[in-house]
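>>> what's the 3D shape of this:
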Amino acid sequence: MGHVRKAAVAGTWYPGTRDPLAAEVDRYLTLAVSAWEGDIKALIAPHAGLRYSGPVAAHAYKLMGGRRYEVAVLVGPSHHVGFDGVAICLRGVFETPLGAVPIAESCADAIARAAPSVHEHPTAHTREHSLEMQLPFLQRVLPDTPIVPLVMGYQTRETIGDLAQGLSSALSGRAALLVASTDLSHYHDAATAARLDGRVMGHVGAFDAEGLLDTLDAFPQHACGGGPAVAVMRAARSLGAEHAGILRYADSGDVSGDKDAVVGYLAAAFGNLRS
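Got it, this is the predicted structure:
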């Protein structure tokens, strides 16, 4: 099995045992309404506590029903460790209460070779929740799909560009799903959050990665995982995606009732529609 990355937020951010976790994820998937006739190359999904962001993330993962992928490549921000480049795990498994998700070793090796900014940095993954919060959904909708876990450190233009190019090169010819893990604005009142988050959604809906990057440069607080989102959008475009769709937007106040200091959540998809 190799290296085992233990769940860091099980029992706090989401249920710590199998049956309650499966039931909560399945409930959100059942309630989600997402329609997409065509292929999907990439998703954007949030990564807050499951009760807050799970209902939004489910709109993205609902689209995975009946689909098959060789690998799911997860790209999220680092919340706890500052570093240059992108941290990858090349071997082993990531655990949740739903079981162990294996790393797609050959694909991980290919990405590390293709992108000089990508390197092993185990400490960056130890406490990081941005990828972990995607796993229960993947385990329910794509249960046999291995992952490549990527955590972006400082979200510089150089790192974003290098990762996007590396993903485009390494994933060409593979049946890969890209997932960008990001929440949007943090702790503004709901009206201000909706205005700030609307700028991000405008670029996402227009499939405008360059415009999104410019907006994030001007005001990085628009999204904690903005760099991963831009890299994934660029790679998805290079891999053949031509269409973007906003699937769901909400904020934490929709669950907590507190609209004075909210976090914004977005679900989106990139791919091609059948004519």
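>>> contacts and neighbour counts: CA atoms only from here.
Will do.
>>> Quick one: list the elements packing against the strand ranked longest in the chain.
Using DSSP state E to define each element, the chain has its longest strand at strand 262-273. With contacts defined as 3 or more C-alpha pairs under 8 Å, 6 or more residues apart in numbering; DSSP states H and E, strand 262-273 has these neighbours: strand 38-45, helix 50-61, strand 186-188, helix 190-205, helix 226-238, strand 243-251.
>>> tell me the contacts of the residue positioned nearest the centre of the chain?
Nearest to the mean C-alpha position of the chain, counting by C-alpha atoms, centre = their mean, stands residue 181 at 2.4 Å. Contact analysis of residue 181 by C-alpha atoms under 8 Å, 6 or more residues apart in numbering lists 44-47, 74-77, 130-131, 134, 225, 228-229.
>>> got the residues you listed as a markdown table, with neighbour count columns?
Shown next, in a markdown table, are the contacts of residue 181 (neighbours: other C-alpha atoms under 10 Å):
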| residue | neighbour count |
| --- | --- |
| 44 | 28 |
| 45 | 31 |
| 46 | 30 |
| 47 | 25 |
| 74 | 24 |
| 75 | 29 |
| 76 | 32 |
| 77 | 30 |
| 130 | 27 |
| 131 | 24 |
| 134 | 24 |
| 225 | 28 |
| 228 | 30 |
| 229 | 30 |
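>>> Show me which of the residues you listed is closest to residue 218.
The closest of those to residue 218 turns out to be residue 225 (C-alpha to C-alpha; 14.9 Å).
>>> The closest one touches residue 182, doesn't it?
Yes: counting by C-alpha atoms under 8 Å, residue 182 is a contact partner of residue 225 at 4.2 Å.
>>> Determine the residues that are contacts of both of these two.
Common contacts of residue 225 and residue 182 (C-alpha under 8 Å, 6+ apart): 76-77.
>>> could you pull out the helices for the stretch 1-150 of the chain?
Counting by DSSP state H, counting those that start in this stretch, the stretch 1-150 of the chain has helices at residues 18-31, 50-61, 105-114, 122-126, 135-141.
>>> what about those, which gets the closest to residue 221?
Closest among these, using C-alpha to C-alpha: helix 50-61, at 18.1 Å.
>>> still on that earlier bit, can you give me the offset of the longest strand of the chain from its chain's centre?
Centroid separation for strand 262-273 versus its chain: 10 Å, with C-alpha atoms, centre = their mean, to the nearest Å.
>>> pLDDT of that strand, averaged?
On average, the pLDDT along strand 262-273 is 97.
>>> what sits up against the strand or helix carrying residue 167?
Residue 167 belongs to helix 157-171 when assigned by DSSP states H and E. Helix 157-171 has contacts (C-alpha under 8 Å, 6+ apart) with 84-86, 107, 110-112, 114-118, 227-228, 230-232, 234-236, 238-239.
>>> Could you pick out the buried ones from the residues you listed?
By neighbour count, with 16 or more other C-alpha atoms under 10 Å, the contacts of helix 157-171 hold 85-86, 107, 110-112, 114-115, 117-118, 227-228, 230-232, 234-236, 238-239 as buried.
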